[in-house]
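Asks: only geometry, no sequence info:
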């Protein structure tokens with residue numbers, strides 16, 4: 001439920017509703033098709049962001065081009081450093 005109200009997804013849904021209301025009684029033109037294609041791309045990006053957030057939350061690696069990837073890499077590096085530190089402490 002929390003993912004449904006993410007900012008990007010919420011914005012894409014409300015933009016789709018607004019676009020639907022604006023193009024309901026207007027004949028189909030290339031501008032309308034371009035607007036719908038743009039909305040579909042925006043919706044796809046929002047859904048991709050939600051999927052990446054869910055994968056990160058579960059500890060599954062995300063794609064390298066995801067905005068979440070650097071955060072995951074930094075977290076993994078920090079955990080490896082901490083494991084190394086605890087390994088050195090147990091050797092003493």
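Replies: Structure's in. What do you need? Predicted model, so just to flag it, every value in this text is computed and none were measured. Numbers count the residues shown, from 1 in each chain.

Asks: next up, the contacts around the residue most central in space within the chain.
Replies: Geometric centre of the chain, nearest residue: residue 49, 0.8 Å, by Cα atoms, centre = their mean. Remark: with contacts taken as Cβ atoms under 8 Å, 6 or more residues apart in numbering, residue 49 is in contact with 6, 8, 9, 67. Heads up, the C-betas are built off the backbone N, CA and C, glycines and all.

Asks: distance of it from residue 29?
Replies: 31 Å (Cβ to Cβ, to the nearest Å).

Asks: what's the answer for residue 89, then?
Replies: From residue 89 across to residue 29, the span is 69 Å (Cβ to Cβ).

Asks: residue 48 too?
Replies: According to Cβ to Cβ, residue 48 and residue 29 sit 29 Å apart.

Asks: so for these two, which residue has more residues nearby?
Replies: When residue 48 and residue 29 are compared for neighbours, residue 48 comes out ahead with 14 against 10, by other Cβ atoms under 10 Å.

Asks: which residue, other than its chain neighbours, is closest to that one?
Replies: Spatial nearest neighbour of residue 48, chain neighbours left out: residue 66 (7.9 Å); criterion: Cβ to Cβ, 6 or more residues apart in numbering.

Asks: list phi and psi for the residue nearest to the centre of the chain.
Replies: phi -70, psi -40 (degrees, to the nearest 10).
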